[in-house]
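> sequence first, predicted coordinates after that:
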Amino acid sequence: MFSYCSDPSTLEGVRWLSCYLTTAKHMTFYGSFGTVLLLLAVTAPVALFFGFLGAMATRSHIPPLRWIGVGYTSIVRGVPDIAFFMFFVIALDQGIEWLRHKVKCPDWTDPIRQGSDFLVCPDAKMPLSSSAAWVHDAYSFSIAVFTFAIVFGAFAANVLFGAMRAVPHAQIETAEAYGMTHRQSFWRILVPQMWVYALPGLSNLWLILVKATPLLFLLGIQDIVYWARELGGMKTNAFAYPHPDWRIWYFLGLLAFYLLLTKVSEKFFARMMKRMSHGQATSGGEAQRRGATS
């Protein structure tokens with residue numbers, strides 16, 4: 001980045017450090033923080049959507065839908081995250097390529113499964129080997145978002161289902177007594193009030209999602225933990241900027257990043273809880289009413 005960085009062997013002190021911290025690999029490392037934040041920003045609403053669908057299915061009066069909802073939440077929550085990530089990603093990727101193979105290569109005669117190898121025609125590969133690098137990155141990121149959303153959507157479904165049951169049933173009965181249909185009472189009475197009961201569980205789920213972001217490495221994405229390990233490790237003379245083992249400093253930086261993200265998240269959810277508790281028949285709402293009258 002700087003003009004004096006052309007010959008690292010002549011650098012010392014602050015100049016050496018400034019050149020070292022502005023290499024192309026470090027720029028990728030800095031960009032990986034944005035990748036983590038983007039993953040959180042996209043995954044959270046998608047997981048919440050899956051969770052809402054799962055909660056609605058679990059409380060459905062239609063047995064097949066209820067079985068699907070209960071099965072989804074029970075199976076996904078019962079499988080360790082790391083095992084689910086390693087299995088589901090491979091199965092999903094191969095499933096997509098298998099479908100593309102059946103459509104694009106109907107005349108293919110060789111077996112797809114050959115021992116431990118999964119071989120499809122070149123046109124069925126996803127993405128194609130000739131695709132640009134950003135296509136490969138976007139595909140890996142999409143798979144990561146979908147996988148995270150499936151896992152954390154199951155936990156969100158359990159939280160939302162409990163929140164729906166926490167809303168006093170007498171309010172639903174009153175709404176229906178005033179002529180509301182079951183659907184109207186659900187969307188106008190139950191859903192607006194359930195969030196105050198769901199928010200504590202969802203806030204914990206958000207922090208668990210934050211802590212799970214290092215699993216991106218299992219999905220083929222070079223995240224901040226990957227780059228901290230690579231850049232902080234001891235270099236040899238083959239590298240332009242050899243240094244001792246500095247992984248502790250890189251991981252201390254990641255520790256500060258995650259603690260800061262946790263602190264900001266706690267403040268955000270505390271403000272959301274205060275706002276949603278206003279006028280509700282909960283301990284938080286009662287505290288606000290007593291504070292307003294005192």
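Yep, it's here.
> hey, let's count contacts and neighbours off CA atoms from now on
Will do.
> what about the helices in this protein?
13-20, 24-58, 63-78, 81-104, 133-166, 169-177, 182-185, 191-212, 224-232, 247-277, 283-293 (DSSP state H).
> buried ones in the longest one, by neighbour count?
Neighbour-count burial for helix 24-58, with 16 or more other C-alpha atoms under 10 Å as criterion, is recorded at 29-30, 32-33, 35-36, 39-40, 43-44, 46-58.
> now the helices of the chain as a markdown table including distance to Ile112?
Shown next, in a markdown table, are these (distance: least, C-alpha to C-alpha, whole Å):
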| stretch | distance to Ile112 |
| --- | --- |
| helix 13-20 | 47 |
| helix 24-58 | 32 |
| helix 63-78 | 28 |
| helix 81-104 | 8 |
| helix 133-166 | 22 |
| helix 169-177 | 54 |
| helix 182-185 | 47 |
| helix 191-212 | 34 |
| helix 224-232 | 33 |
| helix 247-277 | 42 |
| helix 283-293 | 59 |
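> with respect to Phe118, which of the ones you listed lies nearest?
Of all the helices of the chain, it is helix 81-104 that lies closest to Phe118, at 7.7 Å by C-alpha to C-alpha.
> so what touches the closest one?
76, 118, 120-121, 123-126, 143, 147, 151, 215, 218-219 (C-alpha atoms under 8 Å, 6 or more residues apart in numbering).
> closest to Arg275 among the residues you listed?
Taking C-alpha to C-alpha as the measure, Val151 is the one of the contacts of helix 81-104 closest to Arg275, at 28.6 Å.
> hmm, back to that, JSON lines please, covering the contacts of helix 81-104 and showing distance to Pro64.
Conversion of the contacts of helix 81-104 to JSON lines gives the following (distance: C-alpha to C-alpha, whole Å):
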{"residue": "Val76", "distance to Pro64": "18"}
{"residue": "Phe118", "distance to Pro64": "34"}
{"residue": "Val120", "distance to Pro64": "35"}
{"residue": "Cys121", "distance to Pro64": "37"}
{"residue": "Asp123", "distance to Pro64": "38"}
{"residue": "Ala124", "distance to Pro64": "34"}
{"residue": "Lys125", "distance to Pro64": "35"}
{"residue": "Met126", "distance to Pro64": "33"}
{"residue": "Ile143", "distance to Pro64": "28"}
{"residue": "Thr147", "distance to Pro64": "24"}
{"residue": "Val151", "distance to Pro64": "21"}
{"residue": "Leu215", "distance to Pro64": "33"}
{"residue": "Leu218", "distance to Pro64": "34"}
{"residue": "Leu219", "distance to Pro64": "33"}
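> just name the closest of those residues to Arg165, please.
Val76 (21.5 Å).
> distance of the closest one relative to Pro168?
29 Å (C-alpha to C-alpha, to the nearest Å).
> kindly report the same for Phe251.
47 Å.
> if you count what's nearby, which of these two comes out ahead?
Neighbour count, other C-alpha atoms under 10 Å: between Phe251 and Pro168, Phe251 has more, with 16 against 13.
> pLDDT score for that one?
Looking at Phe251, its pLDDT is 92.
> that one against Trp227, yeah?
No: with contacts counted by C-alpha atoms under 8 Å, Phe251 stays clear of Trp227, the gap being 10.1 Å.
> need the winner for burial among the helices of the chain.
Most buried of the helices of the chain by mean neighbour count (mean count of other C-alpha atoms under 10 Å) is helix 133-166; its value is a mean of 20.
> now that one against helix 24-58, angle please.
Put simply, helix 133-166 runs at 40 degrees to helix 24-58, going by axes from the mean of the first three to the mean of the last three C-alpha atoms, to 10 degrees.
> for helix 133-166, which helices and strands make contact with it?
helix 24-58, helix 63-78, helix 81-104, helix 191-212 (3 or more C-alpha pairs under 8 Å, 6 or more residues apart in numbering; DSSP states H and E).
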